[in-house]
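Enquirer: Output the structure for:
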Amino acid sequence: MKKVSLLLFPLLFLFLATAVLAYEHDPRLNPAAMKDIIVNPDAVYGFSPSPDGSLSSYAEFDWTDPDLVNGKNGRLARIAYHESINEMYILLDDMRAEGLGTEEIARAVSAKRNEIRLSSYDGDPDGLAAAKARNLEKYGHEEGPLPDELFEQYGSWEEVIWKAFSANPGMDACLGLYDDYYALYIASGMIDEEEDQEASREYAAAVLAESFGENAPAGNDSEAAFSDLGQVSGWYAASVNTAISSGLLRGYEDATLRPGRTVTRAEACVLLARRLSNGVVEQGAAALAGVPGWAAAEIAYLVSEGIVSDTASVLWDEPLSVAEFRALIRPYVGKSA
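Expert: Sure, this is the predicted structure:
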C-alpha cells in the first residue's frame with residue numbers, strides 16, 4: 001500500500017498551550033476516561049473530573065492550581081497509588097508459585113485492590129470518607145466490590161484478576177499521567193492500539209484546529225447550519241467549532257458534517273492543507289492524477305510544498321486509523337497530533 005510521501009517542512013505556527021495537546025496519546029479517544037472527566041482548558045493538564053462521573057467528588061477541587069494538582073494529595077499520591085499495585089503483582093506471583101487456583105487468586109487480588117484503594121487516602125480523612133461513601137452507594141459496603149460481585153459482573157475469575165490491575169484513566173489524565181500508564185489501558189482492554197482505532201472526522205478536525213492556539217483565523221460562523229452539528233462529541237465540540245469558524249472544516253453538499261465518520265486520506269490531506277495555508281489555497285488547480293476533483297486545490301498545495309508526491313498511486317478514499325492520521329500530520333503540527 002503506497003502512502004503519501006512526507007518531507008520535512010518548517011514549523012509555521014504556535015500550538016495551543018493545553019495539556020490535551022501535551023499528551024502523546026489523546027485521552028479523548030478513550031471512552032473509559034471520558035465517561036468520568038471533561039475537557040477543561042483552564043485545568044493544569046487540560047482535563048478535570050466530571051460532576052456526573054465516578055470522580056464527581058473531586059470535581060470541586062481547583063484543577064487550575066499547579067501546586068495542588070501536582071502536590072502530595074494530587075499527582076504524587078496518584079503515582080504512589082500506581083506503585084502500590086506492585087504489591088498485587090507480588091501477591092499474584094506468590095500465589096501462582098504455591099499452585100493456588102484461579103478463584104482463590106482472584107478473591108485475594110480483588111481484596112488487596114480494595115485495601116490499596118482505601119490505604120491511598122492515608123492522611124486524608126475527608127478523601128477516605130468520600131471513598132467509603134462512594135463504595136457504600138455503589139456496592140452496598142464501604143470496602144469496595146466483593147469478589148462474588150466482580151465475578152457476576154465480568155463472568156470469569158480470570159477477568160476478575162485482570163480487572164484488578166486496571167486503573168481509572170480519567171484520573172490519570174487529570175493528573176498528567178495518561179501517557180505514563182497508556183500501555184496499561186491497552187493491556188487491560190480499555191482501548192485498542194491506535195493502529196486499530198478509526199480516526200473520525202471530528203477527531204481529525206479538532207486536533208488540527210487546536211494547533212491554531214490563539215491565532216485561529218476569522219471565518220465562517222461557528223454555528224453554521226449543519227444539520228448534524230449536535231452529533232459532535234462534547235469533548236470535541238469547542239475545537240470543532242473552531243475548525244468550522246476558521247474554514248478548516250466545511251462539511252458536505254447536503255449541509256452535514258458527519259463527525260463520526262472515519263476520515264479518508266483525501267479528507268485528511270485537505271484539512272492539513274487548509275491548516276498549513278491558513279485557509280488560503282488557490283482554487284482552480286489543474287487536475288492531478290488520481291486525486292478527487294473536490295480535493296484538487298488543497299492537494300495541489302501540498303504537492304507544491306513538497307509534502308505529497310506521486311498522487312496517482314495514493315489510495316485517496318482509504319479510511320485512516322488514528323495512527324495513520326497522526327503519522328500524516330505529525331511532521332507539521334508536532335506533538336499536537
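Enquirer: contacting residues around the helix or strand harbouring residue 173?
Expert: Assigned by DSSP states H and E, residue 173 belongs to helix 169-174. With CB atoms under 8 Å, 6 or more residues apart in numbering as the test, helix 169-174 has contacts from 23, 27, 30, 32-37, 43, 45-49, 53, 55, 58, 63, 69, 78, 178, 180-181, 185, 190. (C-beta placed from N, C-alpha, C; glycine too.)
Enquirer: Buried among the residues you listed? Make that a ChimeraX selection.
Expert: To isolate the buried members of these in ChimeraX, using 16 or more other CB atoms under 10 Å:
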select :23,27,30,32,33,34,36,37,43,45,46,47,48,49,53,55,58,63,69,78,178,181,185,190
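Enquirer: Which of the contacts of helix 169-174 fall within strands?
Expert: Among these, the ones falling in strands (DSSP state E) are 37, 47, 48, 49.
Enquirer: so which two of those residues are the farthest from each other?
Expert: Farthest pair in those (CB to CB) is 47 and 49. Separation: 8.2 Å.
Enquirer: what's the overlap in contacts for these two?
Expert: Common contacts of residue 47 and residue 49 (CB under 8 Å, 6+ apart): 37, 38, 63, 170, 174.
Enquirer: For residue 245, state which of the residues you listed is nearest.
Expert: Nearest to residue 245 among those: residue 38, at 21.6 Å, using CB to CB.
Enquirer: For residue 197, give me its contacts.
Expert: 29, 191, 321, 322, 323.
Enquirer: Let me see the contact set for the fourth one.
Expert: This points to residue 322. By CB under 8 Å, 6+ apart, the residues touching residue 322 are 29, 194, 195, 197, 198, 199, 203.
Enquirer: Output these as CSV; include the columns secondary structure and distance to residue 117.
Expert: Shown next, in CSV, are the contacts of residue 322 (DSSP: H, G, I helix; E, B strand; the rest coil; distance: CB to CB, whole Å):
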residue, secondary structure, distance to residue 117
29, helix, 26
194, helix, 29
195, helix, 33
197, coil, 29
198, strand, 34
199, coil, 35
203, helix, 32
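Enquirer: Tell me the one among these nearest to residue 119.
Expert: The closest of the contacts of residue 322 to residue 119 turns out to be residue 29 (CB to CB; 31.8 Å).
Enquirer: Looking at the contacts of residue 197, spot the one nearest residue 85.
Expert: Proximity of these to residue 85 (CB to CB) peaks at residue 191, which lies at 19.0 Å.
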